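Colleague: predicted model and sequence below, questions to follow.
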Amino acid sequence: MPRPIHAVIHAQALRHNLARLRQASGDARIWAVVKANAYGHGLARAYESLRGADGFALLDVNEAQTLRDLGWRGPLLLLEGVFEQRDLERCSRLDLWHVVHHEGQIDMLSRHKTQVPQRVFLKMNSGMNRLGFAPQAFKSAWTRLNALPQVDEISLMTHFAHADGEPGVTAQLEVFAQHSSDLPGERSLANSAALLRHSPSDAVTADWVRPGIALYGSSPDHGVHDAAHWQLQPAMSLRSRLIAVQSLAAGDSVGYGGAFVADRDMRVGVVACGYADGYPRHAPTGTPVLVNGVRTRTLGRVSMDMLCVDLSRVPQAGIGDEVTLWGSAASGQVLCIDEVAAAAGTVGYELMCALAHRVPVSSE
Ligand SMILES: *Cc1c(COP(=O)(O)O)cnc(C)c1O
């Protein structure tokens, strides 16, 4: 028998979340963001369930190739654009749309030999200060692009820095509108947080929305609203089993460094899951976990291949019993990945993306 840890990707949850976002998007079309191997869910697997999207947004030409090989003929968008000249040849061959966020990318386009002009999204830096043309330089970049025979339609985009909380999107919306309102073309602004928090605002949803995290069932503003509030379902469950049970006496400790010390006699379960599986090492004592669907807590330090859980609330639990690290238990109880992430001082995004290669993945 293989080591019992495994991840399950829930096709039905992906479809549900897409439908939920469709409902929030009004008339806007949806780029399903599938970068980072579909946030750790597996690109091919996610694609099967998200084919109802209007397009797929990703970072890597090879990932785009994978989606074409799987039969996707609709729009594909490279969110960071091209990195070198010859990427444009593959964009032509695969019919990719790509983001243009700096002058060098316009230079490359001007040297590109093609009979078929390309669709581009011109990106404005409206305050995130990561990618994009400064607002004052936006119009001249557009004018330069528009003059190139290599360029077909130009769409406009920006990305919000505070969509998940205060001060919100208003300031960036204003900057974007002020420096683009007289330009033609479709617009795309909203990630998951902006989409869910500002729906049904046409100014935010515009022509294309770009949800990622919400497709996978994690709340984009956990701490303010949880996934249940947004009616999202977890698309990934990380499950394993107890491989040992220890009985501690008051004063005994568990694991490296003896970081947890029992204050009474108690039973402790040892789970086949550690940081080499992608479970966060920083998760402290008290991080929520389900044993046979019953909510309990981790104890002591997470080690490479194992972690320990409190069995006080599950006295019948023994070796071989099911442990759900996040997602849903086989019996249906849910432990949101965001809760585990919050306990470990991170976000659901990081946990999903960090699922380790050694963890087998199946779909259901
Ligand atoms: C990753 C990404 C998104 C998706 O963001 P979520 O917070 O996962 O919804 C949208 N737009 C751009 C430009 C991105 O890089």
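Modeller: Perfect, I can see it now.
Colleague: who in this structure is up against the ligand?
Modeller: Within the chain, the positions adjacent to the ligand are V33, K35, L79, H159, N191, S192, A193, R210, P211, G212, I213, P220 by CB under 6 Å from any ligand atom. Glycine gets a C-beta too; all of them are placed from N, C-alpha and C.
Colleague: using a markdown table, lay out those together with secondary structure.
Modeller: Output for these, formatted as a markdown table (DSSP: H, G, I helix; E, B strand; the rest coil):
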| residue | secondary structure |
| --- | --- |
| V33 | strand |
| K35 | helix |
| L79 | coil |
| H159 | coil |
| N191 | coil |
| S192 | helix |
| A193 | helix |
| R210 | coil |
| P211 | coil |
| G212 | coil |
| I213 | helix |
| P220 | coil |
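Colleague: which one of those residues is nearest L307?
Modeller: I213 (24.9 Å; CB to CB).
Colleague: tell me the contacts of S331?
Modeller: Taking CB atoms under 8 Å, 6 or more residues apart in numbering, we find S331 in contact with N292, G293.
Colleague: how about the residues of the chain next to the ligand in JSON lines, adding pLDDT and neighbour count?
Modeller: Rendered in JSON lines, the data for the residues of the chain next to the ligand read as follows (pLDDT from 0 to 100; neighbours: other CB atoms under 10 Å):
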{"residue": "V33", "pLDDT": "98", "neighbour count": "26"}
{"residue": "K35", "pLDDT": "98", "neighbour count": "18"}
{"residue": "L79", "pLDDT": "98", "neighbour count": "21"}
{"residue": "H159", "pLDDT": "98", "neighbour count": "24"}
{"residue": "N191", "pLDDT": "98", "neighbour count": "21"}
{"residue": "S192", "pLDDT": "98", "neighbour count": "27"}
{"residue": "A193", "pLDDT": "98", "neighbour count": "23"}
{"residue": "R210", "pLDDT": "98", "neighbour count": "22"}
{"residue": "P211", "pLDDT": "98", "neighbour count": "28"}
{"residue": "G212", "pLDDT": "98", "neighbour count": "21"}
{"residue": "I213", "pLDDT": "98", "neighbour count": "25"}
{"residue": "P220", "pLDDT": "97", "neighbour count": "27"}
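Colleague: reformat those residues into CSV and put distance to R144 next to each item.
Modeller: Putting the residues of the chain next to the ligand into CSV (distance: CB to CB, whole Å) gives the following:
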residue, distance to R144
V33, 28
K35, 28
L79, 21
H159, 22
N191, 28
S192, 32
A193, 32
R210, 25
P211, 31
G212, 30
I213, 34
P220, 34
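Colleague: now do the strands in the stretch 201-350 of the chain.
Modeller: In the stretch 201-350 of the chain, the strands defined using DSSP state E, counting those that start in this stretch lie at 208-209, 236-248, 253-254, 260-261, 266-271, 288-291, 294-299, 307-310, 322-328, 334-335.
Colleague: for H282, which non-adjacent residue is closest in space?
Modeller: Nearest non-adjacent residue to H282, counting by CB to CB, 6 or more residues apart in numbering: A344, 4.7 Å away.
Colleague: how much space between the closest residue to the ligand within the stretch 1-150 of the chain and E63?
Modeller: The ligand sits closest to V33 of the stretch 1-150 of the chain, with a gap of 4.2 Å, by CB to the nearest ligand atom. V33 is 11 Å from E63, where distance means CB to CB, to the nearest Å.
Colleague: my guess is P211 meets V34, correct?
Modeller: No: contact criterion CB atoms under 8 Å: P211 and V34 do not qualify, at 10.8 Å.
Colleague: list the residues that contact whichever residue of the stretch 201-350 of the chain sits closest to the ligand.
Modeller: Nearest to the ligand, among the residues of the stretch 201-350 of the chain, is G212, at 2.6 Å (CB to the nearest ligand atom). Residues near G212 by CB under 8 Å, 6+ apart: A32, V33, V34, K35, Y39, N191, S192.
Colleague: could you check how far it is from V271?
Modeller: Taking CB to CB as the measure, G212 falls 29 Å from V271.
Colleague: I'd say R187 and L156 touch.
Modeller: Yes: taking CB under 8 Å as the definition, R187 is a contact partner of L156 at 5.1 Å.
Colleague: what's the overlap in contacts for these two?
Modeller: Common neighbours of R187 and L156, counting by CB under 8 Å, 6+ apart, are S180.
Colleague: enumerate the positions of stretch 15-33 that are buried.
Modeller: By neighbour count on 16 or more other CB atoms under 10 Å, the buried set for stretch 15-33 is 15-18, 20-22, 24-25, 28-33.
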